[in-house]
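Enquirer: when you get a sec, could you give me coordinates for this:
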Amino acid sequence: MNIEKSIKNSIPLSSEARTTVNILYTSRFIEDQSAPVYKEYGITAAHFNILRILRGQKGQPANLSTIQERMIDRSSNTTRLIDKLILKNWVTRQICPSNRRKIEVNITDLGLEKLLEIDRGVEQTLTRILSNLTEKEMGQLNTLLDKVRA
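Expert: As a prediction, the model looks like this:
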């Protein structure tokens with residue numbers, strides 16, 4: 001279904017507006033479709049993003065500013081999100097020994113284990129959502145989206 005029908009818009013949009021609305025609408029669609037996977041584990045997409053960032057550290061701690069810089073949704077309250085992951089024992093937080101003003105966060109073994117489970121559910125959801133696109137089309141879409149941000 002085209003974007004005008006999806007948003008029930010009867011006024012023609014400029015190419016720029018149509019493209020922007022389409023990207024935003026599709027982003028929300030993907031978020032809504034993925035939400036049940038996160039909900040099953042009592043987390044949000046932002047929590048998932050933090051866990052993936054920490055896994056990417058390969059055992060090295062990340063400070064709060066590093067996590068915040070790498071977040072997809074940078075408006076998130078990173079400290080509050082990390083607090084919830086600490087309660088689940090999926091991450092740890094400690095004061096940096098060499099700089100007491102710096103907080104370091106690590107993913108735990110349990111966090112890595114849960115992240116692998118969540119990854120599988122997210123991957124299945126994304127495969128279903130993108131099933132109408134070929135590998136080539138996904139490559140083209142990624143190239144175009146990268147070009148928008150260049």
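
Enquirer: not counting residues beside it along the chain, what's closest to the residue nearest the centre of the chain?
Expert: Ranked by distance to the mean C-alpha position of the chain (C-alpha atoms, centre = their mean), the top residue is Asn49 at 4.4 Å. The spatial neighbour of Asn49 that comes closest, neighbours along the chain excluded (C-beta to C-beta, 6 or more residues apart in numbering), is Ile72 at 5.3 Å. For every residue, glycine as well, the C-beta is placed using N, CA and C.

Enquirer: can you tell me the SS state at the one you found?
Expert: coil (DSSP: H, G, I helix; E, B strand; the rest coil).

Enquirer: burial measure for it, as a count.
Expert: By the other C-beta atoms under 10 Å criterion, the neighbourhood of Ile72 contains 12 residues.

Enquirer: wait, it sits on Phe48?
Expert: No - with contact defined as C-beta atoms under 8 Å, Ile72 does not count as touching Phe48 (9.6 Å).
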